[in-house]
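> Everything below, folded, please.
(one chain, ligands or ions: 1)
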Amino acid sequence: MIADLSRFDPNGVSIANNNVFGLPFTEENASLIIIPVPWEVTVSFKSGTARSPDNILKASLQVDLYDSQFQNSWKKGVYMQPVDKKILLKNDYLRKENELYLNFINSGDKVETNKFMCKTLKEVNEGCTFMNEWVYEQAKTQLAKGKKVGLLGGDHSVAYGLIKALSEHVGDFGILQIDAHCDLRKDFEGLHYSHGSIMYNVLNDIQQVKKLIQLGIRDYCEAEWQCICDSEYRVVTYFEKEMKERQFEGQTWSAISDEIINQLPQQVYISYDIDGLDPKLCPHTGTPVPGGFEMEQLSYLFKKILNSGRKIIGFDLSETGVSKDGWDENVGARVLFKLCNLMLSQN
Ligand SMILES: [Mn+2]
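Residues are numbered from 1 along each chain as shown. Got it, this is the predicted structure:
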């Protein structure tokens with residue numbers, strides 16, 4: 001079904017009744033569906049990202065539709081599903097439970113010695129498994145209808161279900177991960193599906209992921225470094241320190257971008273943790289780290305990926321914080337628009 005845009009004015013003010021970016025599409029006539037996942041059960045530092053899908057939706061009304069790189073892409077239609085209230089409630093309850101558990105282990109106590117805490121941990125892990133299955137089912141349903149799918153978190157753990165659904169739908173692919181952290185921790189804090197374990201779990205469970213390229217990494221532990229070394233180049237990490245040093249010594253971002261792209265398979269999934277950006281752009285994200293990218297550096301890299309003939313098969317955008325003045329959400333909405341355009345510009 002094709003949307004009738006004859007009465008829609010792309011230069012006018014956004015109508016709040018409309019959907020994401022003020023666009024008048026429905027789930028039926030949009031070619032890209034954004035699934036919001038209001039989930040941050042395993043966050044260990046600053047909270048709030050579970051509320052960001054609704055806030056990004058509001059902020060998205062201020063994003064201008066004209067993008068010189070993708071002038072008419074939006075006409076293929078984007079629709080963001082409403083936030084699932086049951087998932088949000090489950091998140092709120094389990095997040096509190098997890099807080100109790102983390103306080104317990106952070107005080108140096110062993111979980112095995114406390115039956116109550118064993119039960120709490122089990123409940124949190126089961127809740128995260130439920131969320132992964134929920135995302136997987138949602139994504140699978142949309143992919144079966146021929147829709148393109150993007151995810152909007154929540155914390156970074158939300159990506160698992162979509163990556164799994166895509167692996168069954170498109171076969172082999174590579175992941176381009178934008179992040180300050182590797183997210184390669186096994187059972188981080190005893191939590192099987194922690195935001196700090198998302199890429200470990202993906203690599204472990206999903207064989208169709210042939211390559212993981214990590215960009216912007218500047219905070220990681222020794223076990224994660226070992227995981228990268230043991231991966232036989234299935235994981236290639238561009239640490240921020242080395243990447244910046246290469247540029248200080250005169251290498252261009254263009255040349256480094258080409259090098260990154262050459263290692264990507266034909267099909268590419270983008271996993272965009274917003275903390276990969278400079279924290280001035282995401283001050284309320286869960287675990288901000290100094291350093292990071294400008295938005296334009298990544299947009300340039302994405303443009304080159306498209307020019308290389310590779311196909312962007314899906315994305316997640318996670319870890320956008322909640323701010324009083326709406327700044328984090330403003331940036332989040334603009335990153336989201338870029339990611340949507342990347343996918344919509346392709347067949
Ligand atoms: Mn992450």
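> how about the residues of this protein that lie near the ion?
H156, D179, H181, D183, D273 (Cβ under 5 Å from the ion). In this view, the C-beta of every residue, glycine as well, is placed from N, C-alpha and C.
> Can you report how many residues lie near whichever residue of the stretch 51-200 of the chain sits closest to the ion?
Per Cβ to the ion, H156 is where the stretch 51-200 of the chain lies closest to the ion, at 3.6 Å. Per other Cβ atoms under 10 Å, the neighbour tally for H156 reads 32.
> Pull the contacting residues for it.
Shown in contact with H156 (Cβ atoms under 8 Å, 6 or more residues apart in numbering): D179, D183, H195, I198, S271, D273, D316, S318, E319.
> Please indicate which of those has the highest neighbour count?
When the contacts of H156 are compared by neighbour count (other Cβ under 10 Å), E319 ends up highest, at 34 neighbours.
> That one and V289 touch, don't they?
No: if you go by Cβ atoms under 8 Å, E319 and V289 don't touch, sitting 11.5 Å apart.
> okay, and the common contacts of the two?
Residues touching both E319 and V289 (Cβ under 8 Å, 6+ apart): D275.
> where are the low-confidence patches of the protein?
Applying pLDDT under 70 to the chain flags residues 1, 16-17.
> so what's D258 up against?
Residues near D258 by Cβ under 8 Å, 6+ apart: K304.
> That one falls within a helix, correct?
Yes: when classified by DSSP: H, G, I helix; E, B strand; the rest coil, D258 is found to be part of a helix.
> From D273, how far out is it?
23 Å (Cβ to Cβ, to the nearest Å).
> Kindly report the same for L203.
Distance of L203 to D273, given as Cβ to Cβ: 16 Å.
> Also S157?
Noted for S157: a distance of 11 Å to D273, by Cβ to Cβ.
> before we move on, what about C340?
Distance of C340 to D273, given as Cβ to Cβ: 17 Å.
> just T141 next, same as before
In terms of Cβ to Cβ, T141 sits 25 Å off from D273.
> Going along the chain, name the strands of the stretch 101-250 of the chain.
148-153, 173-178, 209-217, 235-239 (DSSP state E, counting those that start in this stretch).
> Any chance of JSON lines for those strands, columns distance to E97 and mean neighbour count?
As requested, these are exported to JSON lines (distance: least, Cβ to Cβ, whole Å; neighbours: other Cβ atoms under 10 Å):
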{"stretch": "strand 148-153", "distance to E97": "20", "mean neighbour count": "26"}
{"stretch": "strand 173-178", "distance to E97": "28", "mean neighbour count": "25"}
{"stretch": "strand 209-217", "distance to E97": "30", "mean neighbour count": "22"}
{"stretch": "strand 235-239", "distance to E97": "32", "mean neighbour count": "19"}
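> how about those strands, which one is nearest G332?
Smallest distance to G332 across the strands of the stretch 101-250 of the chain (Cβ to Cβ): 8.3 Å, for strand 148-153.
> who does that closest one pair up with?
Sheet pairing here is set by DSSP bridges, and for strand 148-153 it gives strand 32-37 (parallel), strand 311-318 (parallel).
> Could you dump the ones you listed into CSV with distance to V83 added?
Below are these laid out as CSV (distance: least, Cβ to Cβ, whole Å):
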stretch, distance to V83
strand 32-37, 5
strand 311-318, 15
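> show me what contacts the closest residue to G153 other than its chain neighbours?
Nearest non-adjacent residue to G153, counting by Cβ to Cβ, 6 or more residues apart in numbering: S318, 3.3 Å away. Neighbouring residues of S318 by Cβ under 8 Å, 6+ apart: 49, 151-156, 158-159, 195, 271-274.
> ditto for S257
Counting by Cβ under 8 Å, 6+ apart, S257 makes contact with Y300, L301, K304.
> can you check R95 too?
Applying Cβ under 8 Å, 6+ apart, we find R95 in contact with E40, V41, V43, S47, A50.
> What helix or strand is it located in?
Under the criterion of DSSP states H and E, R95 resides in helix 85-106.
> Tell me which stretches of the stretch 1-150 of the chain form helices.
Assigned by DSSP state H, counting those that start in this stretch, the stretch 1-150 of the chain shows helices spanning 52-60, 85-106, 115-144.
> Out of those helices, which is closest to I213?
helix 115-144 (22.0 Å).
> For the closest one, which helices and strands make contact with it?
Using 3 or more Cβ pairs under 8 Å, 6 or more residues apart in numbering; DSSP states H and E as the contact test, the elements touching helix 115-144 are strand 32-37, helix 85-106, strand 148-153, helix 160-170.
> before we move on, the earlier item: which one among the contacts of R95 gets closest to N330?
Nearest to N330, judged by Cβ to Cβ, of the contacts of R95 is A50 at 18.6 Å.
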